[in-house]
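**Q** sequence and predicted model, in that order:
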Amino acid sequence: EASSSDDFQTLLSWADKHRRLKVRANAETPEDAAKALELGAEGIGLCRTEHMFFEADRIDQMRGMILAANREERQHYLDQLLTYQEEDMLALFRVMNGLPVTVRLLDPPLHEFLPHTEDDMAALSQRIGKPVAAIREMTESLQEVNPMLGFRGCRLSIVYPEITEMQVKAIISAAVRATEEGLRPHPEIMIPLVVNVREIRLISKIIDRGIQAVMQEKHVSIPYKIGTMMETPRATLGADRLAAEVEFMSFGTNDLTQMTYGFSRDDVGKFLPQYLEKKLVEQDPFVSLDTRAVGRLMEIAVTESRARKPGIKYGICGEHGGDPLSIQFCHDLGLDYVSCSPFRVPVARIAAAQAKVRREQDS
Ligand code: PEP
Ligand code: MG
């Protein structure tokens, strides 16, 4: 037992000496972040902030905010949400001291936060003092035929800039507190589901305003980066223009695969087994990058954006970031890091080293 685990540690230290790709983890709780660190992660490549609002009182505050009748009411809930977000971020910065933490702005369709059964609506009505009818009406009005192609990602920031402002203030306030504790937080704010450069310009203004407000109030300066997810085909095909506005790009290959194939990532179980059995696809494209399609879009994006802005950083944070075959592709493409679930970090470290060694042998 002990010796096989020693052998594994030896293998990992060999891998770390040889790889070029950095390995980060997708995590949003301090527990997962600590696990990721233990397994060798060199930062958080994706913190899905929506996961931080699904529990207990947080979700009620979120629901209150969505259901608010006016600006003041909404602000009341946003203030509560900011407190939660700030505490959660501080906890993450403490664990990840000195390492980058990529925080993605809220991504899911808002209706995912709302209750859908009559019982849940009645219970919520009691807790936040809104009539059931109002809750039902809002829930219905946010229903979408194709939510994954609907009102999510940065589209939320466009319609509700105050949510983005809340998140950014919370992230930077947490970074200020971490700094006061003698830590070195490295927040990287990431915009989800971007389609074009105008979205980034508009949202960056909201982000910068939030950041400046906090830094001026606290009289400190926090180093931060703003970047974009690359998860729509439109974004990859306009990457040169996006590059001018951001410091990093992270490929969200879950959505990029879904949109490239037109296969709903939530419904593949219904048809993909047949596709695999009949060899209509070589492999599950949600597991291993389809280098001829999704990979080509990534290649176009990297080539064209790098020509525009040579110093830009690239990562991948879709599930493929932990898949050895996909990691080879990411190495070849010259990405800076892969980010995957904490438990896949050791395999990713080894795969990253193998990817480099393989290419050295080829040349
Ligand atoms: C992705 O789409 O690849 C991604 C990382 O974002 P999410 O899985 O949260 O949609
Ligand atoms: Mg996505």
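**A** Yep, it's here. Numbers count the residues shown, from 1 in each chain. Ligands and ions are numbered 1, 2, ... in the order given.
**Q** residue ranges for the helices of the stretch 1-150 of the chain, please.
**A** For the stretch 1-150 of the chain, the helices defined by DSSP state H, counting those that start in this stretch occupy 2-18, 30-38, 56-67, 71-95, 118-128, 132-141.
**Q** for those, which one sits closest to Asp290?
**A** Distance to Asp290, taken as Cβ to Cβ, is lowest for helix 2-18 among the helices of the stretch 1-150 of the chain, at 25.9 Å. Quick note: C-beta positions are derived from backbone N, CA and C, even for glycine.
**Q** which residues touch the closest one?
**A** The contact list for helix 2-18, computed with Cβ atoms under 8 Å, 6 or more residues apart in numbering, reads 40, 346, 349-350, 352-354, 356-357.
**Q** what helices or strands is the helix or strand encompassing Arg155 leaning on?
**A** Taking DSSP states H and E as the criterion, the element that holds Arg155 is helix 154-159. Packing partners of helix 154-159 (3 or more Cβ pairs under 8 Å, 6 or more residues apart in numbering; DSSP states H and E): helix 161-180, helix 197-218.
**Q** now the residue nearest to Leu289 when sequence neighbours are not counted, what's its secondary structure?
**A** Leaving out its chain neighbours, the residue that sits closest to Leu289 by Cβ to Cβ, 6 or more residues apart in numbering is Ser326, at 4.1 Å. Classification of Ser326 using DSSP: H, G, I helix; E, B strand; the rest coil returns helix.
**Q** contacting residues for Ser326?
**A** Counting by Cβ under 8 Å, 6+ apart, Ser326 touches 253, 288-289, 316, 320.
**Q** distance between stretch 24-41 and the chain's centre?
**A** Mean C-alpha position of stretch 24-41 versus that of the full chain (Cα atoms, centre = their mean, to the nearest Å) differs by 14 Å.
**Q** need the mean per-residue confidence for it.
**A** When pLDDT is averaged along stretch 24-41, the result is 98.
**Q** outside of that stretch, which residues touch it?
**A** Outside stretch 24-41, the residues that touch it by Cβ under 8 Å, 6+ apart are 12, 16, 23, 42-49, 51-52, 88, 91-92, 94-96, 99-100, 102, 315, 317, 321, 337-343, 345-346, 349.
**Q** circling back to that earlier point, only the buried residues of the helix holding Arg155, if you could.
**A** 154-157 (16 or more other Cβ atoms under 10 Å).
**Q** make JSON lines out of the residues you listed and add pLDDT and distance to ligand 1.
**A** Shown next, in JSON lines, are the buried residues of helix 154-159 (pLDDT from 0 to 100; distance: Cβ to the nearest ligand atom, whole Å):
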{"residue": "Cys154", "pLDDT": "98", "distance to ligand 1": "12"}
{"residue": "Arg155", "pLDDT": "97", "distance to ligand 1": "14"}
{"residue": "Leu156", "pLDDT": "96", "distance to ligand 1": "13"}
{"residue": "Ser157", "pLDDT": "96", "distance to ligand 1": "16"}
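**Q** no further queries at this time; thank you.
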